[in-house]
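In: no sequence on this one, just coordinates:
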């Protein structure tokens, strides 16, 4: 329990991997990348029936649409306090993708980003193929 709030998670046995490893799902961020043993899970959490966890799950799920984990668990966020955005623990994020024939303007994009500070000063490029076969190259904007 933190700041009067309980954390709810969903634990499921992992398939196709070493025995006794489990997947953890969180209401705000979904499936976690790291598998854990039951021993590790029992150290951090207490097993309850789904009905007992439902209220806490829904509270965190609904909050995570617009409130970062810092604000949810601590009551405030240092970034938010200085009018900066914080997306830690949000279940939805906004990504802006610059796509198309961008090579001719790429140096201008880099020049603009070079003047940025903080998390906006680094550029992360991604390539993806959509379900309908379109290929995109883009920059992740945080």
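Out: Noted; the coordinates are in hand. Only a predicted model underlies this, so the values are computations on that prediction, with no experimental measurement involved.
In: show me where the chain has its helices.
Out: 38-44, 50-63, 69-74, 78-81, 106-114 (DSSP state H).
In: so for residue 8, which of these sits nearest?
Out: helix 50-63 (4.0 Å; C-beta to C-beta). (Each C-beta comes from the backbone N, C-alpha and C, glycine too.)
In: related to what we said a few turns ago, with distance to residue 87 as extra columns, can I get the helices of the chain in TSV?
Out: As requested, the helices of the chain are arranged in TSV below (distance: least, C-beta to C-beta, whole Å):
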stretch	distance to residue 87
helix 38-44	24
helix 50-63	14
helix 69-74	10
helix 78-81	9
helix 106-114	18
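In: which stretch among those is buried most, on average?
Out: Among the helices of the chain, helix 69-74 has the highest mean neighbour count (mean count of other C-beta atoms under 10 Å), at a mean of 17.
In: elements contacting that one?
Out: Contacts defined by 3 or more C-beta pairs under 8 Å, 6 or more residues apart in numbering; DSSP states H and E place helix 69-74 against helix 78-81.
In: on that earlier part again, mind putting the helices of the chain in a markdown table, mean pLDDT included?
Out: Formatted as a markdown table, those follow (pLDDT from 0 to 100):
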| stretch | mean pLDDT |
| --- | --- |
| helix 38-44 | 94 |
| helix 50-63 | 94 |
| helix 69-74 | 90 |
| helix 78-81 | 80 |
| helix 106-114 | 78 |
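In: of the ones you listed, which is nearest residue 91?
Out: Per C-beta to C-beta, nearest to residue 91 of those: helix 50-63, 7.2 Å.
In: and that closest one, how far out from the chain's middle?
Out: Mean C-alpha position of helix 50-63 versus that of the full chain (C-alpha atoms, centre = their mean, to the nearest Å) differs by 18 Å.
In: where do the strands of this structure begin and end?
Out: 10-13, 21-26, 30-31, 36-37, 124-129, 135-140 (DSSP state E).
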